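Engineer: I'll drop the sequence and a predicted model, then ask my questions.
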Amino acid sequence: MSKVIAVCRSDTTGTRKDVVDEVVLRDNYGIENDAHADSAWHRQVSLLATESIEKMRNMGLDVGPGDFAENLTTEGIELFTLPIGTFLEVGDSVTLEVTQIGKECHTGCAILQQTGKCIMPREGVFARVVHGGTVRAGADIKRVEEE
């Protein structure tokens, strides 16, 4: 079964996110108290798989959950292969819709500056919140049929 292994948030954009005990996702907004939450855009929540982070570790980087500014770090689901429009159920009540795969790293990206490479442009996934709720590490995450 695929799981969320960490939940992360930050007060400012362009920085790594802090691992926290839980996050609250609001419908069509994102994660409460996270700098990227906004009802006016499609990248309300970011996801990255530990399998993607491991690729950067294999390059010699000491990185982990939140270091790529992702909100939800997952395990066991190949996120970047999901088609745009895929619905994901997270925990008991949260539904996300995949809206974008990858993004260009901004010039201030610490990982990009350190190594010249970053995994987010190819394997980071962005979603909008269809149904909100609380998510903690250990929550199941799975692909579901359209809402």
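Structural biologist: Done, it's in.
Engineer: quick check: K55 is in a strand.
Structural biologist: No: counting by DSSP: H, G, I helix; E, B strand; the rest coil, K55 is not found in a strand; it is helix.
Engineer: show the model's pLDDT score for it.
Structural biologist: If you check K55, the pLDDT there is 87.
Engineer: next one: it from V94, what distance?
Structural biologist: 27 Å (Cβ to Cβ, to the nearest Å). Where C-beta positions appear, they are placed from N, C-alpha and C, glycine not excepted.
Engineer: to what extent is the closest residue to V94 other than its chain neighbours buried, counted in neighbours?
Structural biologist: Nearest residue to V94, sequence neighbours excluded (Cβ to Cβ, 6 or more residues apart in numbering): G133, at 4.5 Å. A count of neighbours around G133, defined by other Cβ atoms under 10 Å, yields 17.
Engineer: hang on, G133 packs against G91?
Structural biologist: Yes: contact status for G133 versus G91: in contact at 6.5 Å, counting by Cβ atoms under 8 Å.
Engineer: any stretches of this structure with poor pLDDT?
Structural biologist: The model of the chain has pLDDT under 70 over residues 103-121, 146-147.
Engineer: same thing but at 80, please
Structural biologist: 13-15, 103-122, 146-147 (pLDDT under 80).
Engineer: can you give me the helices in it?
Structural biologist: Counting by DSSP state H, the chain has helices at residues 50-57, 110-115, 120-123.
Engineer: between K55 and V94, tell me which one has more neighbours.
Structural biologist: For K55 versus V94, the count of surrounding residues by other Cβ under 10 Å is larger for V94: 24 against 15.
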